[in-house]
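Chemist: Turn this into a structure:
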Amino acid sequence: MKRSLIILALLFSYLYGIVCISADGEQIPQDREYHYYLHNNAHDYSFYGANKWAVRFDFSQAYPLMSNVNFTASGARLWFPNPGGQVTVELCTDNVSQPGSVVSVQTVEVSSQQIDIAFPSTSTHDIAWLVVTYETNMQSRYVAASAGGGDNSFYMTTVGDQFYLSSLSNAGFNCELLFGLLGDFTHTEVDLELCDFYLEGDLLPGSRVYPRFTGYNHSNQTLDEVGLSITMNRPGEPRFDSLYIALPQSLAPLSSFDYTSDLQFIELPSDPLQLRLDMKLISEIAESDSLSGNNSFNCFFNIFADPMPGQVVENFLRTSGDNAISTIQSPYLNRDFHVLDYYPLLSDPLSNLGAMQRFNWYGFNALPQTIGNGHSRIIGLTQAYESSFAELLDDISADRTFISESSCRLDSIPESANMYLSVSLLNQNTSLYESNLENITLDSRLFVGLFAKPSAESTQKYSLLQWICFADTINTALQPEVTVEKTYSVSFSNLFNDSAETDYRIYYWLQDQYGGRIHFMNFYDFDPQQYTSNADLYTPSLSFSAYPNPLRQDEYLHLSIKDATAAKISIYNLKGQRIHRQNDITGKLDLCGKLFPASGIYFIRVEQSGKAPQTKKISIIK
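Modeler: Numbers count the residues shown, from 1 in each chain. Next up is the predicted model:
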């Protein structure tokens, strides 16, 4: 958040009026027409303040190992947050990294968010510019961008009387404008591309699954003998089986295909393991295909049998949008789903640094976000949110794990206010790859967090209080019958809520290191009062009173400390977040009821040197 504030300050000072605001994270629809773009299909930023925007397309980026790459452009695809007004698009050549001569120009109405603009004729380029003239303003006329490097996207700015294009990257924004070119790559070499591959069916030991894949013929000739060769590998047994799938029809030049037949299938092994499939498209031009790496790749599939103790749904929210999300989610939740809420904006009254840390670790750019088991994601709150959430829960319900057993344990540390928290994970029967490039545990990170919820809340909906460990490494290859244990020193001295009003839970999970799939999760419920530190057992308690209770908004809260020794007073809400603090208090203190931001339960903690701290609960009525 501080970084964002710094960026905004720089914008107003140096960028002559261009402004970035947080967008709604809406997904950008895409069809199957082949086109070239630099964004990631998500609307994460909105910009206004300029009237010319541009994207530079260097087509060699798509094929860095090829000496001669061109793109035949037939049109432009633009995406705007809000329809309205006119847009003019110019396709230009490149002149020393600036737009050169104009090849084509078109002006159309922005009648919908996604606009496809056909050029009067096609043109071929090795580098091209798309220059867009669109008058933006702070009311509704924005251009949109998504996460990315920002080196390819530009806006028009001025220095004195001179106009020039400045990149979003130089302005401090890691994002790319949602502009792309329609058309196709043209190569001096032939190229058959394997675009996508997945297995349809339940990824469970002994199940039958069906290969699905997509390819593209970049050559200028019809291909009559195209097929996909699949080699199956398992830990300790490479190439244990194979399968060849022939396309039932010829593949026309510059066209795509989707294979969805159920005539051929794969019988998964009967024991749990990691399965690696090596795929390669084969055709009569295979020997001439200079981009053989473009038509082959390998995929890992987790054929696990152990059920997850639960499924994790993470919400990244503003406080103002919490009720709307909760209302939609609640009817779909049951005991198998664990909802973890984070408030990453530090200006939000429920926020904390741990929530922002998790938000940044995922690389998110907009709120709200909902993500299930680290891989099924909903961006924004749209009319389709309810159906998308139901699909998310259905998607993650099938997830399995290679962790057979786990435990979370707390132990006292002699003569210390801290405690040891130990988490152990056991893989009992799942075969895993061990090499550094393929090891699921070396590629995963361990998270252990302290979460809380009001006891009256019936669903398993917890909010983050603090991290006990964040993205810790697992340096053990968890082969069958191997256990790994991680131990952390932790203090619960900041838990001040009455256990009758608040439930506490430690959640821990193992997750792909790049913000991906959660491979395992579990939790541990506890009562903080059961874990009084050794130091507190032999320390005299202080005594204080707080009245009236309940307290109304216009009344004063009167605190009285019997001992005249200076004390420190802290006030916390139900989330464990401190809303007020005063030091060096002696005797009495009066606090206005307006100090409390809303009605509810709060906790007053008094600390005094040489004595065990004390906490009292107070009700606020506004």
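Chemist: Verify the stated contact: residue 260 with residue 212.
Modeler: Yes - counting by Cβ atoms under 8 Å, residue 212 is a contact partner of residue 260 at 5.8 Å. To be clear about C-beta, it is placed using only N, CA and C from the backbone, and glycine gets the same treatment.
Chemist: Could you check which of those two has the larger neighbour count?
Modeler: residue 212 (15 against 10; other Cβ atoms under 10 Å).
Chemist: Dig out what that one forms beta bridges with.
Modeler: Taking DSSP bridges as the rule, residue 212 bridges to residue 198.
Chemist: any idea how far residue 59 is from it?
Modeler: Applying Cβ to Cβ, to the nearest Å, the value for residue 212 to residue 59 is 29 Å.
Chemist: And for residue 183?
Modeler: From residue 183 across to residue 59, the span is 10 Å (Cβ to Cβ).
Chemist: Neighbour count for the two, which is higher?
Modeler: The residue with more neighbours, out of residue 183 and residue 59, is residue 183; 24 against 21, by other Cβ under 10 Å.
Chemist: and the more buried one, what are its phi and psi?
Modeler: phi 150, psi -150 (degrees, to the nearest 10).
Chemist: Might one say that it is in contact with residue 35?
Modeler: Yes - in this structure, residue 183 is within contact of residue 35 by Cβ under 8 Å, at 6.6 Å.
Chemist: any idea of the pLDDT on the most centrally placed residue in the chain?
Modeler: Nearest to the mean C-alpha position of the chain, counting by Cα atoms, centre = their mean, stands residue 362 at 3.8 Å. If you check residue 362, the pLDDT there is 92.
Chemist: correct me, but it touches residue 371?
Modeler: Yes - between residue 362 and residue 371 there is a contact at 7.1 Å, judged by Cβ under 8 Å.
Chemist: anything in contact with each of those two?
Modeler: Shared contacts of residue 362 and residue 371 (Cβ atoms under 8 Å, 6 or more residues apart in numbering): residue 316.
Chemist: Which residue lies closest in space to residue 460, excluding its sequence neighbours?
Modeler: Computed as Cβ to Cβ, 6 or more residues apart in numbering, the closest residue to residue 460 that is not its neighbour in sequence is residue 338, at 4.8 Å.
Chemist: That neighbour pairs with what?
Modeler: Beta-bridge partners recorded for residue 338 (DSSP bridges): residue 312.
Chemist: how close does it get to residue 310?
Modeler: Distance, residue 338 to residue 310, by Cβ to Cβ: 5 Å.
Chemist: between these two, who's got more neighbours?
Modeler: A direct count of neighbours by other Cβ under 10 Å for residue 338 and residue 310 places residue 338 higher, at 23 against 17.
Chemist: got a list of what the more buried one touches?
Modeler: Per Cβ under 8 Å, 6+ apart, neighbours of residue 338: 310, 311, 312, 313, 460, 462, 507, 521, 523.
Chemist: So for these, which is the shakiest by pLDDT?
Modeler: Lowest pLDDT among these: residue 460, with 89.
Chemist: how many other residues sit next to it?
Modeler: There are 20 residues near residue 460, going by other Cβ under 10 Å.
Chemist: Give the full set of residues in contact with it.
Modeler: Listed by Cβ under 8 Å, 6+ apart, the contact set of residue 460 reads 310, 333, 335, 337, 338, 339, 453.
Chemist: Of those, just the buried ones, PyMOL syntax please.
Modeler: Entered in PyMOL, the line below selects the buried ones among these, by 16 or more other Cβ atoms under 10 Å:
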select buried, resi 310+333+337+338+339+453
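Chemist: For the contacts of residue 460, please prepare CSV with the additional fields distance to residue 560.
Modeler: Listed next are the contacts of residue 460 as CSV, based on distance: Cβ to Cβ, whole Å:
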residue, distance to residue 560
310, 46
333, 45
335, 45
337, 46
338, 42
339, 41
453, 32
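Chemist: what's the following helix or strand after the helix-or-strand element of the chain with minimal mean pLDDT?
Modeler: Here the helix or strand of the chain ranked lowest by mean pLDDT, DSSP states H and E is helix 2-14, holding a mean of 36. Next along the chain after helix 2-14, taking DSSP states H and E as the criterion, comes strand 19-22.
Chemist: Mind giving me the packing neighbours of that following strand?
Modeler: When contacts are defined as 3 or more Cβ pairs under 8 Å, 6 or more residues apart in numbering; DSSP states H and E, strand 19-22 packs onto helix 2-14, strand 45-48.
Chemist: Parallel or antiparallel, which strands does the shortest one pair with?
Modeler: When you say that, I think you mean strand 45-48. When pairing is defined by DSSP bridges, strand 45-48 lines up against strand 19-22 (antiparallel), strand 143-147 (antiparallel).
Chemist: Quick check, residue 60 in contact with residue 70.
Modeler: No - with contacts counted by Cβ under 8 Å, residue 60 stays clear of residue 70, the gap being 9.4 Å.
Chemist: Return every residue with contacts to both of those two.
Modeler: In terms of Cβ under 8 Å, 6+ apart, residue 60 and residue 70 are both contacted by the residues residue 126.
Chemist: if we can go back for a sec, next, give phi and psi for the residue nearest to the centre of the chain.
Modeler: Phi and psi for residue 362, reported as degrees, to the nearest 10, are phi -70, psi -20.
Chemist: now it, nearest residue through space, not along the chain?
Modeler: residue 515 (4.6 Å).
Chemist: What residues are recorded as beta-bridge partners of residue 302?
Modeler: Taking DSSP bridges as the rule, residue 302 bridges to residue 274.
Chemist: Likewise for residue 282?
Modeler: Beta-bridge pairing for residue 282 (DSSP bridges): residue 227.
Chemist: contacting residues for it?
Modeler: Applying Cβ under 8 Å, 6+ apart, we find residue 282 in contact with 225, 226, 227, 228, 229.
Chemist: Name the member of those residues that has the highest neighbour count.
Modeler: Highest neighbour count within these: residue 226, with 24 neighbours (other Cβ under 10 Å).
Chemist: Hmm, that one is touching residue 285, no?
Modeler: No - judged on Cβ under 8 Å, residue 226 makes no contact with residue 285 at a distance of 9.4 Å.
Chemist: show me where pLDDT drops low in this protein?
Modeler: For the chain, residues meeting the criterion pLDDT under 70 lie at 1-17, 32-33, 188-190, 286-293, 413-417, 493-500, 529-541, 564, 574-576, 612.
Chemist: now the helices: where do they sit in the stretch 301-450 of the chain?
Modeler: All helices of the stretch 301-450 of the chain, identified by DSSP state H, counting those that start in this stretch, fall at 322-329, 353-362, 385-397.
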